[in-house]
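Peer 1: any chance you could fold what I've pasted below:
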Amino acid sequence: MSVLVIAEHDNHELKAATRNTIAAAKAFNSDVHVLVAGAGCKAAAGAAARCAGVAKVLVSDAAHYEHQLAEDVAALVVSLASGYSAILAPSSSNGKNLIPRVAALLDVQPLSDVMAIEASNQFVRPIYAGNVIATEQNDEPVKVMTVRTTAFDPVAAEGGSAAVEAVAAQRPADCPALSVNSWRNLIVRN
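Peer 2: Alright, predicted model coming up:
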């Protein structure tokens, strides 16, 4: 099965942490797919397609992904999860917000701050506030994790020619209204 990397971007440029996460995903010896969810994110998707080692880029371009809120993106990731053996995101504030939600919706145990991937079910990560480095075995049907980007050298930003495929936007079942618009309306009214 393939591995899915959730891209970090600003709707225009791909963040460097995504290339480090792609390098981590390559340790699974599977096809690496990159998900770019955003609004007007064609340039970021193009940058992901040019990254070395990427087999496919999935793009979901919708207004409610503009700020890449975890509630919205998690629903999209879960809708795609059945085709992947692992789902990775950079260990950033976005990734640390998104990955636990995805894992909970998939009913699997998430892994945080993975520093090395030794096998498809063995991962090295810090525990006890970083005072101990542990090797853990995870036999979940889909591995859901954040990656400590400084532990992986980034893949080349150029040299790849991945196919770009559009995927349908998803909305969380329990959150039909856009969170950002709710806040905007509250601010405008007051």
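
Peer 1: now the strands: where do they sit in this structure?
Peer 2: In the chain, the strands defined using DSSP state E lie at 2-6, 32-38, 56-61, 84-90, 110-114, 116-119, 122-127, 132-137, 143-147, 163-166.

Peer 1: need the ones you listed in TSV (columns: mean pLDDT and distance to residue 76).
Peer 2: In this view, the C-beta of every residue, glycine as well, is placed from N, C-alpha and C. Shown next, in TSV, are the strands of the chain (pLDDT from 0 to 100; distance: least, Cβ to Cβ, whole Å):
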stretch	mean pLDDT	distance to residue 76
strand 2-6	97	9
strand 32-38	97	6
strand 56-61	96	6
strand 84-90	97	11
strand 110-114	96	17
strand 116-119	96	24
strand 122-127	95	24
strand 132-137	95	27
strand 143-147	97	14
strand 163-166	95	12
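
Peer 1: between those strands, which gets nearest to residue 69?
Peer 2: strand 32-38 (10.0 Å; Cβ to Cβ).

Peer 1: what pairs with that closest one, parallel or antiparallel?
Peer 2: strand 2-6 (parallel), strand 56-61 (parallel) (DSSP bridges).
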